[in-house]
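1. Sharing a sequence plus its predicted fold:
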Amino acid sequence: MASKEFNPFEMAQAQFDKVADLLNLDSATRELLRDPLREYAFSIPVKMDDGTTKVFRGFRVQHNDARGPAKGGIRFHPHETADTVRALAMWMTWKCAVVNIPLGGGKGGVICDPHHLSAKEQEQICRGWVRQMAKNVGPLNDVPAPDVMTNAQHMLWMLDEYETIHGAKYPGFITGKPVGMGGSLGRTEATGYGVIFVLREALKDMNIKPEETTASVQGFGNVAQYAIELYTQLGGKVIAVASWDQQDQCSYTFKKNDGVNLNQLRNITDKFGGIDKTKAKELGYEVLSGDAWIEQEVDILIPAALENQVRGDNAVKISNKVKIMVEGANGPTTPEADKIIQEKGIFLIPDFLANAGGVTCSYFEQVQSNMNYYWEKDEVLSKLDTKMTSAFRAVSDLAKKKNLYMRDAAYVISINRVAQACKDRGWV
Ligand SMILES: NC(=O)C1=CN([C@@H]2O[C@H](COP(=O)(O)OP(=O)(O)OC[C@H]3O[C@@H](n4cnc5c(N)ncnc54)[C@H](O)[C@@H]3O)[C@@H](O)[C@H]2O)C=CC1
Ligand SMILES: O=C(O)CCC(=O)C(=O)O
């Protein structure tokens with residue numbers, strides 16, 4: 001979430017600058033990559049259910065498309081800003097590059113709070129977003145997907161509007177569609193499962209058995225729930241989960257020392273990933289402060305909510321027991337916290353590597369949509385595992401070889417790939 005003190009785009013640029021210096025990147029490439037290629041900001045008027053008209057602000061940023069069409073989700077959030085979208089678009093460029101899929105980086109958003117919008121109002125926002133962007137997005141130039149507080153239904157409304165405008169079927173325009181309507185099996189699970197595929201590899205390298213580990217997770221939405229699902233299947237135990245409480249406008253941590261029960265928690269969670277604290281108490285969960293998730297004596301931390309959640313002020317509270325932090329969210333960790341994590345000797349699996357499972361599966365969805373032939377779920381997930389594992393191996397090998405922090409190693413691989421594509425095209 002952006003605030004006066006925290007600007008995600010400045011953070012994304014600072015991360016980039018650090019590695020651009022390390023690589024001695026030439027000034028033209030640096031200038032090209034530290035800002036988006038293209039940006040769109042627009043208004044979406046919506047007839048509200050009460051008869052009034054409300055105007056919502058929408059965004060799309062195409063950070064770089066040298067390696068292929070821009071790709072990235074559309075977020076609905078009351079605190080969305082142009083700079084948040086710029087940062088997220090830039091991280092998408094590095095994400096697609098690190099897993100080596102032929103796509104660039106983009107991201108979109110609308111300043112709105114779906115908690116207070118009916119389905120009809122949300123449908124109009126989706127259709128209005130597409131009406132504003134229809135000429136500048138599409139299977140060949142920019143392919144959206146879901147992100148925070150958007151889902152398969154939103155994608156289908158957007159697809160329908162796009163196809164109505166263009167007068168033909170374009171299932172490759174958008175990903176994260178419902179299964180049976182051009183969606184890929186496994187896309188819902190993909191981001192969370194991808195987080196655990198790379199965690200599994202890191203544990204292997206450390207000679208640690210998953211079933212001997214515990215974890216604490218921030219967030220209980222799409223990414224977090226499927227990360228918990230697969231981690232639990234591998235034998236790991238999640239002892240704490242944090243989520244946002246819409247009523248109290250703050251977050252809480254839900255703790256159970258003998259392990260949270262995923263299905264039980266799902267049953268008391270709303271569609272935005274908010275856990276009902278009264279029901280959680282009744283089920284025997286301790287309800288702690290929002291920040292408590294980070295202070296737990298666990299082996300693994302999984303921030304999977306939003307950006308700016310692991311900062312200097314709370315990173316110092318991370319227990320000495322923690323061995324790995326795997327970032328499910330985009331941009332959860334500030335540069336100040338990165339220093340603390342390094343000093344503590346925690347092995348970090350950075351966001352644009354760890355959460356690349358979503359976009360990798362979206363790429364598979366695009367391929368399937370364009371062929372109009374759909375794979376079995378096992379095939380999707382096994383291809384996803386292969387991609388995530390090889391991306392992890394490449395980053396961790398480089399980190400070891402050059403003695404780099406994992407975030408920097410991931411940046412080295414991505415920046416080199418994108419810079420090379422810009423060079424090959426004759427842009428720089
Ligand atoms: N959905 C996807 O496929 C992908 C999502 N991501 C990133 O992962 C993160 C989570 O995304 P989703 O799970 O899709 O979103 P979501 O909307 O499904 O869930 C978000 C979760 O975070 C919680 N949350 C929000 N603010 C919080 C706070 N201050 N403290 C504690 N919990 C808080 C909410 O209660 C909810 O449980 C975001 O950074 C997103 O950009 C990254 C790659 C792909
Ligand atoms: O699935 C996609 O295309 C993009 C997902 C996304 O927005 C992200 O990885 O942050």
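-> Cool, the structure landed. Ligands and ions are numbered 1, 2, ... in the order given.
2. Burial check on whichever residue of the stretch 51-200 of the chain sits closest to ligand 2, number of neighbours?
-> Closest to ligand 2 within the stretch 51-200 of the chain is Gly73: 2.7 Å, counting by C-beta to the nearest ligand atom. C-beta here means a position set from N, CA and C on the backbone, and glycine is covered the same way. As a burial measure, Gly73 scores 24 neighbours (other C-beta atoms under 10 Å).
3. Lys344 versus that one, what's the distance?
-> Gly73 is 31 Å from Lys344, where distance means C-beta to C-beta, to the nearest Å.
4. Cys361 now?
-> As judged by C-beta to C-beta, Cys361 and Lys344 stand 32 Å apart.
5. Between the two, which has more neighbouring residues?
-> The neighbour comparison of Cys361 against Lys344 (other C-beta under 10 Å) goes to Cys361, with 28 against 15.
6. so what's the more buried one up against?
-> Applying C-beta atoms under 8 Å, 6 or more residues apart in numbering to Cys361 gives the contacts 184, 186-187, 190-191, 194, 380, 384.
7. While we're on it, how confident is the model there?
-> pLDDT recorded at Cys361 is 98.
8. Likewise for Ala2?
-> Reading off the model, Ala2 has pLDDT 40.
9. show me where the stretch 251-400 of the chain has helices.
-> 262-267, 277-282, 312-315, 335-343, 351-354, 357-371, 377-402 (DSSP state H, counting those that start in this stretch).
10. buried stuff in the fourth one?
-> Taking 16 or more other C-beta atoms under 10 Å as the basis for neighbour counts, the residues of helix 335-343 that come out buried are 337-338, 340-341.
11. farthest-separated two in these?
-> Asp338 and Ile340 (7.4 Å; C-beta to C-beta).
12. Asp65 and Asp142 touch, don't they?
-> Yes: contact between Asp65 and Asp142 holds when scored by C-beta atoms under 8 Å: they sit 7.5 Å apart.
13. list residues touching both of the two?
-> Common neighbours of Asp65 and Asp142, using C-beta under 8 Å, 6+ apart, are Gly106.
14. So for these two, which residue has more residues nearby?
-> Comparing Asp65 with Asp142 by neighbour count (other C-beta under 10 Å), the higher total belongs to Asp142, at 25 against 20.
15. Within range of ligand 1, give me the residues from the stretch 51-200 of the chain.
-> Residues of the stretch 51-200 of the chain found near ligand 1 (C-beta under 6 Å from any ligand atom) are 146-149, 191.
16. Which two of those have the greatest separation?
-> Met149 and Thr191 (14.6 Å).
17. between those two, who's got more neighbours?
-> Taking other C-beta under 10 Å, Met149 and Thr191 do not tie; Thr191 has more neighbours (29 against 23).
18. quick one, what contacts the more buried one?
-> Shown in contact with Thr191 (C-beta under 8 Å, 6+ apart): 222-223, 226-227, 328, 355, 357-358, 361.
19. For the stretch 1-150 of the chain, which residues score under the pLDDT cut-off?
-> Applying pLDDT under 70 to the stretch 1-150 of the chain flags residues 1-4.
20. Would you mind naming what in it lies close to ligand 2?
-> So far as C-beta under 6 Å from any ligand atom goes, the stretch 1-150 of the chain lies against ligand 2 at 71-73, 95, 145, 147.
21. so which of those residues is the most crowded?
-> The most crowded member of those is Gly72, carrying 33 neighbours; neighbours defined as other C-beta under 10 Å.
22. Okay, that one and Ala97: tell me how far apart.
-> Between Gly72 and Ala97 the computed distance is 13 Å (C-beta to C-beta).
23. same thing with Val326?
-> Applying C-beta to C-beta to Val326 and Ala97 gives a distance of 19 Å.
24. Between these two, which has more neighbouring residues?
-> In this view Val326 and Ala97 are compared by other C-beta under 10 Å, and Ala97 has more residues nearby, 30 against 26.
25. Quick check: closest non-adjacent residue to that one.
-> Nearest non-adjacent residue to Ala97, counting by C-beta to C-beta, 6 or more residues apart in numbering: Ser414, 3.9 Å away.
26. Quick check: longest strand in the protein by residues?
-> Secondary structure of the chain per DSSP state E: the longest strand is strand 53-64.
27. Report the angle between the helix or strand that that one is followed by and strand 53-64.
-> Sequence-wise, the next helix or strand downstream of strand 53-64 (DSSP states H and E) is strand 70-77. Put simply, strand 70-77 runs at 150 degrees to strand 53-64, going by axes from the mean of the first three to the mean of the last three C-alpha atoms, to 10 degrees.
28. Which residue is the nearest non-sequential neighbour of the residue in the chain that ligand 1 sits nearest to?
-> Sorted by distance to ligand 1 under C-beta to the nearest ligand atom, the residues of the chain start with Gly221, at 1.8 Å. Nearest non-adjacent residue to Gly221, counting by C-beta to C-beta, 6+ apart: Gly273, 3.3 Å away.
29. same thing with Asp299?
-> Excluding the flanking residues, the one nearest Asp299 by C-beta to C-beta, 6+ apart is Thr213, at 4.2 Å.
30. give the contact list for the one you found.
-> Thr213 touches 203, 236-237, 298-300, counting by C-beta under 8 Å, 6+ apart.
31. cutoff 7 Å now
-> Residues in contact with Thr213 (C-beta atoms under 7 Å, 6 or more residues apart in numbering) are 203, 236, 299-300.
32. With Pro335 instead?
-> 11, 14-15.
33. Can you tell me which of the contacts of Thr213 is closest to ligand 2?
-> Using C-beta to the nearest ligand atom, Ile300 comes nearest to ligand 2 of the contacts of Thr213, at 20.8 Å.
34. mind listing what the residue nearest to that closest one when sequence neighbours are not counted touches?
-> Leaving aside its sequence neighbours, Ile300 sits nearest to Ala215 (C-beta to C-beta, 6+ apart; 4.0 Å). If you count contacts by C-beta under 7 Å, 6+ apart, Ala215 has them with 231, 236, 238, 298-300, 302.
35. please redo it, this time with the cut-off set to 8 Å
-> By C-beta under 8 Å, 6+ apart, the contact list for Ala215 reads 231, 236-239, 298-302.
36. Over to Ser243?
-> Contacts here follow C-beta under 8 Å, 6+ apart; on that basis Ser243 touches 219-221, 251-252, 254, 269, 273-275, 305.
37. Could you do Gly235 as well?
-> Contacts for Gly235 (C-beta under 8 Å, 6+ apart) come out as 209-211.
38. do the same with Ser319
-> Going by C-beta under 8 Å, 6+ apart, Ser319 touches 295-298.
39. switch to 6 Å and redo it
-> By C-beta atoms under 6 Å, 6 or more residues apart in numbering, the contact set of Ser319 is Glu297.
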